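[1] Predicted coordinates and the sequence they were generated for:
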Amino acid sequence: WSPVRPAVSYTIRMEGVLDIWDYTCMQNTPVLSIKVSERGLTALRVQEQGAHMVLGTKDGGITLMGMSAGLASMQPNEKQSIAQMFERETKREKNLEARIKELRQKAKRVQDQQPSEPPELTMDMNLLDTVEKEFLAYQNRSFES
């Protein structure tokens, strides 16, 4: 996370890419992705004032980057906005969990009400013979007409 901007975080990838996330703009994709190195990035440290960042690669190389003023200074109402967003998302997640639990309980009740195995079908051979004879007689009459 950015030490000065509560809505900004950074991620690094083994493809040597730095992703910058600004949750006041977009929550699903980074606002900026920068190819920093051909080697995998494994470490990231942001200066306390947010003006500089150092990135480390898997083979020990480092890159020092200067951050833009937009990333190094808090925006108006940013702290309040990001707090509201996190609160809203937390409530949404709790509502979804409650709904999933409710659906699972409903499915379990339905399953408990149904017999565990379907009842065996018993066939009365006499009844089957009678129905078959009636069907064949009906068919014969239909063809004769």
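    Received it, and whenever you're ready, just let me know what you need.

[2] Quick one: residues contacting Leu64.
    Listed by C-beta atoms under 8 Å, 6 or more residues apart in numbering, the contact partners of Leu64 are 52-54. C-beta: built from backbone N, CA, C; applies to glycine.

[3] how about 7 Å then?
    52, 54 (C-beta atoms under 7 Å, 6 or more residues apart in numbering).

[4] Going forward, count from 353.
    In the new count, where the first residue is 353, that last one comes out as Leu416.

[5] ok so it is a strand residue?
    Yes - counting by DSSP: H, G, I helix; E, B strand; the rest coil, Leu416 is found in a strand.

[6] Kindly state the pLDDT recorded for it?
    With respect to pLDDT, Leu416 scores 95.

[7] Quickly note the distance from it to Asp374.
    Per C-beta to C-beta, to the nearest Å, Leu416 is found 22 Å from Asp374.

[8] Also Glu430?
    Look at Glu430 and Asp374: by C-beta to C-beta, they are 10 Å apart.

[9] residues bridging contact with these two, i.e. touching both?
    Common neighbours of Glu430 and Asp374 (C-beta under 7 Å, 6+ apart) are Ala359.

[10] How about Gly418: which residues does it bridge to?
    His404 (DSSP bridges).

[11] Number of residues surrounding it?
    10 (other C-beta atoms under 10 Å).

[12] cool, Arg440 as well?
    Per other C-beta under 10 Å, the neighbour tally for Arg440 reads 10.

[13] That one and Ile372: what is the separation?
    Distance from Arg440 to Ile372, by C-beta to C-beta: 23 Å.

[14] go on, Val483?
    Val483 is 76 Å from Ile372, where distance means C-beta to C-beta.

[15] between the two, who's got more neighbours?
    The neighbour comparison of Val483 against Ile372 (other C-beta under 10 Å) goes to Ile372, with 18 against 11.

[16] my read is that one is in a strand, agree?
    Yes - Ile372: assigned to a strand according to three-state DSSP.

[17] my guess is it meets Ile364, correct?
    No - applying C-beta atoms under 7 Å as the test, Ile372 and Ile364 come out as separate, 10.5 Å apart.

[18] Would you map the strands across the chain?
    Using DSSP state E, the strands found in the chain span residues 360-364, 369-374, 384-387, 393-398, 404-409, 414-418.
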